[in-house]
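1. Next come a sequence and a model predicted from it.
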Amino acid sequence: MSLQDRIINNFSDSIQAQQDALSYLPELIEYAAQHIVSALLNDKKILTCGNGRSATTAQLFSLAMLNQFERDRPSLPAINLAADTATITAVANDHHFSEVFSKQIRALGQSGDILLIYTDGNNSNNLAKAIASAHDKEMSVIALTGNEGGLISPSLYETDIEIRVNLTSSTRIQETHILITHCLCDLIDHQLFG
(Lines give C-alpha, C1' and ligand atoms only; values in the text may rest on other atoms or scores of the structure.)
Protein backbone atom coordinates (compact mmCIF):
# COMPACT_ATOMS: atom_id res chain seq x y z
CA MET A 1 0.00 0.00 0.00
CA SER A 2 1.40 3.39 -0.96
CA LEU A 3 1.62 6.31 1.47
CA GLN A 4 -1.10 8.10 -0.46
CA ASP A 5 -3.34 5.04 -0.18
CA ARG A 6 -2.80 5.12 3.59
CA ILE A 7 -3.79 8.79 3.61
CA ILE A 8 -6.92 8.03 1.59
CA ASN A 9 -7.79 5.19 4.00
CA ASN A 10 -7.39 7.49 7.01
CA PHE A 11 -9.67 10.12 5.48
CA SER A 12 -12.21 7.48 4.44
CA ASP A 13 -12.24 5.81 7.86
CA SER A 14 -12.68 9.15 9.61
CA ILE A 15 -15.51 10.22 7.30
CA GLN A 16 -17.28 6.87 7.78
CA ALA A 17 -16.93 7.04 11.57
CA GLN A 18 -18.47 10.50 11.64
CA GLN A 19 -21.23 9.51 9.21
CA ASP A 20 -22.08 6.57 11.47
CA ALA A 21 -22.12 8.82 14.56
CA LEU A 22 -24.45 11.21 12.74
CA SER A 23 -27.07 8.45 12.68
CA TYR A 24 -27.38 8.17 16.48
CA LEU A 25 -25.82 11.19 18.27
CA PRO A 26 -27.60 14.44 17.22
CA GLU A 27 -30.34 14.23 19.88
CA LEU A 28 -27.81 13.62 22.67
CA ILE A 29 -25.55 16.44 21.46
CA GLU A 30 -28.52 18.82 21.36
CA TYR A 31 -29.59 17.78 24.86
CA ALA A 32 -26.05 18.23 26.22
CA ALA A 33 -25.77 21.70 24.66
CA GLN A 34 -29.11 22.74 26.17
CA HIS A 35 -27.96 21.44 29.55
CA ILE A 36 -24.73 23.46 29.35
CA VAL A 37 -26.61 26.60 28.27
CA SER A 38 -29.03 26.22 31.18
CA ALA A 39 -26.11 25.98 33.62
CA LEU A 40 -24.38 29.01 32.10
CA LEU A 41 -27.60 31.06 32.27
CA ASN A 42 -27.75 30.21 35.98
CA ASP A 43 -24.21 31.55 36.57
CA LYS A 44 -22.67 28.08 36.80
CA LYS A 45 -19.43 26.88 35.24
CA ILE A 46 -18.16 23.92 33.26
CA LEU A 47 -15.25 21.87 34.60
CA THR A 48 -13.69 19.63 32.00
CA CYS A 49 -11.03 16.93 31.95
CA GLY A 50 -9.58 13.93 30.16
CA ASN A 51 -6.34 11.98 29.92
CA GLY A 52 -3.72 12.18 27.18
CA ARG A 53 -5.21 13.16 23.82
CA SER A 54 -8.61 13.48 25.48
CA ALA A 55 -7.13 16.20 27.70
CA THR A 56 -6.42 18.22 24.57
CA THR A 57 -10.07 17.93 23.50
CA ALA A 58 -11.09 19.13 26.97
CA GLN A 59 -8.70 22.06 26.43
CA LEU A 60 -10.32 22.75 23.05
CA PHE A 61 -13.71 23.10 24.75
CA SER A 62 -12.48 25.36 27.56
CA LEU A 63 -10.55 27.68 25.24
CA ALA A 64 -13.60 28.02 22.98
CA MET A 65 -15.66 29.00 26.03
CA LEU A 66 -13.12 31.36 27.59
CA ASN A 67 -12.06 33.06 24.36
CA GLN A 68 -14.36 32.42 21.41
CA PHE A 69 -15.47 29.68 19.08
CA GLU A 70 -16.07 31.25 15.66
CA ARG A 71 -17.03 34.79 16.56
CA ASP A 72 -16.23 37.40 19.15
CA ARG A 73 -18.53 37.22 22.15
CA PRO A 74 -18.31 37.47 25.96
CA SER A 75 -16.23 34.82 27.72
CA LEU A 76 -18.01 31.86 29.28
CA PRO A 77 -16.81 30.13 32.48
CA ALA A 78 -14.99 26.86 31.79
CA ILE A 79 -11.95 25.34 33.50
CA ASN A 80 -9.85 22.52 32.08
CA LEU A 81 -8.69 20.50 35.10
CA ALA A 82 -6.05 18.76 32.96
CA ALA A 83 -4.24 22.00 32.07
CA ASP A 84 -2.46 22.78 35.35
CA THR A 85 0.56 20.47 35.31
CA ALA A 86 1.91 21.78 38.62
CA THR A 87 -1.32 20.87 40.43
CA ILE A 88 -1.65 17.53 38.65
CA THR A 89 1.90 16.45 39.45
CA ALA A 90 1.64 17.68 43.05
CA VAL A 91 -1.55 15.71 43.67
CA ALA A 92 -0.11 12.64 41.93
CA ASN A 93 3.07 12.89 43.99
CA ASP A 94 1.49 13.65 47.38
CA HIS A 95 -1.61 11.46 47.03
CA HIS A 96 -2.26 9.33 43.97
CA PHE A 97 -2.80 9.92 40.25
CA SER A 98 -6.38 8.71 40.64
CA GLU A 99 -7.05 11.91 42.65
CA VAL A 100 -5.72 14.49 40.15
CA PHE A 101 -9.18 15.58 39.00
CA SER A 102 -11.37 14.67 41.99
CA LYS A 103 -9.30 16.78 44.38
CA GLN A 104 -9.71 19.81 42.09
CA ILE A 105 -13.45 19.17 41.75
CA ARG A 106 -13.85 19.03 45.53
CA ALA A 107 -12.21 22.49 45.72
CA LEU A 108 -13.71 24.20 42.65
CA GLY A 109 -17.00 22.47 41.95
CA GLN A 110 -20.31 23.85 43.15
CA SER A 111 -23.85 22.59 43.02
CA GLY A 112 -25.27 23.12 39.54
CA ASP A 113 -21.90 23.16 37.78
CA ILE A 114 -21.25 20.62 35.03
CA LEU A 115 -18.36 18.19 34.72
CA LEU A 116 -17.57 17.52 31.05
CA ILE A 117 -15.41 14.39 30.72
CA TYR A 118 -13.63 13.08 27.65
CA THR A 119 -12.44 9.48 27.35
CA ASP A 120 -12.04 7.02 24.51
CA GLY A 121 -13.47 4.28 26.72
CA ASN A 122 -10.39 3.35 28.68
CA ASN A 123 -10.77 2.30 32.29
CA SER A 124 -9.46 5.51 33.83
CA ASN A 125 -9.84 5.40 37.58
CA ASN A 126 -9.11 9.13 37.88
CA LEU A 127 -12.13 9.92 35.68
CA ALA A 128 -14.41 7.57 37.62
CA LYS A 129 -13.30 9.29 40.85
CA ALA A 130 -13.88 12.69 39.23
CA ILE A 131 -17.47 11.67 38.49
CA ALA A 132 -17.98 10.53 42.09
CA SER A 133 -16.63 13.86 43.38
CA ALA A 134 -18.87 15.78 40.99
CA HIS A 135 -21.89 13.86 42.24
CA ASP A 136 -20.86 14.59 45.84
CA LYS A 137 -20.85 18.30 44.93
CA GLU A 138 -24.30 17.98 43.28
CA MET A 139 -22.88 18.59 39.83
CA SER A 140 -24.18 16.88 36.72
CA VAL A 141 -21.89 15.05 34.31
CA ILE A 142 -21.67 15.02 30.54
CA ALA A 143 -19.35 12.22 29.40
CA LEU A 144 -18.03 11.87 25.88
CA THR A 145 -16.98 8.24 25.78
CA GLY A 146 -16.16 5.56 23.28
CA ASN A 147 -15.88 1.84 22.88
CA GLU A 148 -18.02 0.36 25.69
CA GLY A 149 -17.63 3.27 28.11
CA GLY A 150 -15.13 1.54 30.43
CA LEU A 151 -15.47 2.56 34.08
CA ILE A 152 -17.27 5.75 33.10
CA SER A 153 -20.67 4.46 31.97
CA PRO A 154 -21.48 2.60 35.20
CA SER A 155 -20.40 5.65 37.23
CA LEU A 156 -23.03 7.91 35.67
CA TYR A 157 -26.40 8.73 37.17
CA GLU A 158 -29.58 8.50 35.10
CA THR A 159 -29.68 12.31 35.08
CA ASP A 160 -26.19 12.51 33.56
CA ILE A 161 -25.59 12.50 29.81
CA GLU A 162 -23.35 10.03 28.00
CA ILE A 163 -22.44 10.75 24.40
CA ARG A 164 -20.83 7.46 23.40
CA VAL A 165 -19.08 7.01 20.08
CA ASN A 166 -19.64 3.34 19.32
CA LEU A 167 -16.20 2.59 17.91
CA THR A 168 -13.12 0.73 19.10
CA SER A 169 -10.43 2.86 17.42
CA SER A 170 -9.15 5.51 19.83
CA THR A 171 -8.14 7.72 16.91
CA ARG A 172 -11.59 7.65 15.29
CA ILE A 173 -13.29 8.16 18.69
CA GLN A 174 -11.15 11.22 19.43
CA GLU A 175 -11.72 12.69 15.96
CA THR A 176 -15.45 12.31 16.51
CA HIS A 177 -15.17 13.84 20.01
CA ILE A 178 -13.56 16.90 18.43
CA LEU A 179 -16.45 17.23 15.97
CA ILE A 180 -18.97 16.80 18.82
CA THR A 181 -17.12 19.49 20.78
CA HIS A 182 -17.37 21.83 17.82
CA CYS A 183 -21.11 21.07 17.62
CA LEU A 184 -21.52 21.82 21.34
CA CYS A 185 -19.64 25.12 21.00
CA ASP A 186 -21.70 26.13 17.98
CA LEU A 187 -25.01 25.27 19.70
CA ILE A 188 -23.99 27.10 22.89
CA ASP A 189 -23.08 30.24 20.96
CA HIS A 190 -26.24 30.03 18.87
CA GLN A 191 -28.52 29.65 21.90
CA LEU A 192 -26.82 32.35 23.98
CA PHE A 193 -25.94 34.90 21.34
CA GLY A 194 -28.26 34.23 18.39
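-> Looks like it came in fine.

2. How about residue 173, nearest residue that isn't a chain neighbour?
-> Among residues not flanking residue 173 along the chain, residue 146 sits closest, at 3.4 Å (Cβ to Cβ, 6 or more residues apart in numbering). (Glycine included, C-beta is placed from N, CA and C.)

3. Quick check: the one you found touching residue 119?
-> Yes - if you go by Cβ atoms under 8 Å, residue 146 and residue 119 touch, sitting 7.1 Å apart.

4. Who has more neighbours out of the two?
-> Just comparing residue 146 and residue 119: by other Cβ atoms under 10 Å the higher neighbour count belongs to residue 119, 30 against 26.

5. Quick check: the gap between the more buried one and residue 179.
-> Using Cβ to Cβ, to the nearest Å, we find residue 119 at a distance of 16 Å from residue 179.

6. Scan the protein for its longest strand.
-> strand 140-146 (DSSP state E).

7. Quick check on residue 107: phi, psi?
-> Main-chain torsions, residue 107, degrees, to the nearest 10: phi -90, psi -40.

8. What score does it have for pLDDT?
-> pLDDT recorded at residue 107 is 97.

9. can you give me the helices in the chain?
-> 3-22, 26-41, 53-66, 85-94, 102-108, 125-136, 152-155, 170-193 (DSSP state H).

10. Next, format these as JSON lines and append mean neighbour count and distance to residue 114.
-> Below are these laid out as JSON lines (neighbours: other Cβ atoms under 10 Å; distance: least, Cβ to Cβ, whole Å):
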{"stretch": "helix 3-22", "mean neighbour count": "12", "distance to residue 114": "22"}
{"stretch": "helix 26-41", "mean neighbour count": "16", "distance to residue 114": "5"}
{"stretch": "helix 53-66", "mean neighbour count": "20", "distance to residue 114": "11"}
{"stretch": "helix 85-94", "mean neighbour count": "13", "distance to residue 114": "20"}
{"stretch": "helix 102-108", "mean neighbour count": "18", "distance to residue 114": "11"}
{"stretch": "helix 125-136", "mean neighbour count": "21", "distance to residue 114": "8"}
{"stretch": "helix 152-155", "mean neighbour count": "18", "distance to residue 114": "15"}
{"stretch": "helix 170-193", "mean neighbour count": "19", "distance to residue 114": "11"}
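
11. Relative to residue 73, which of the ones you listed is closest?
-> For residue 73, the closest of these is helix 170-193, at 5.1 Å, according to Cβ to Cβ.

12. got the angle for that closest one vs helix 3-22?
-> Between the axes of helix 170-193 and helix 3-22, defined by axes from the mean of the first three to the mean of the last three Cα atoms, to 10 degrees, the angle is 50 degrees.

13. What helices and strands are in contact with helix 170-193?
-> helix 3-22, helix 26-41, helix 53-66, strand 140-146, strand 161-165 (3 or more Cβ pairs under 8 Å, 6 or more residues apart in numbering; DSSP states H and E).

14. need those in TSV with distance to residue 188 and mean pLDDT, can you?
-> Shown next, in TSV, are those (distance: least, Cβ to Cβ, whole Å; pLDDT from 0 to 100):
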stretch	distance to residue 188	mean pLDDT
helix 3-22	19	96
helix 26-41	6	98
helix 53-66	8	97
strand 140-146	12	96
strand 161-165	14	96
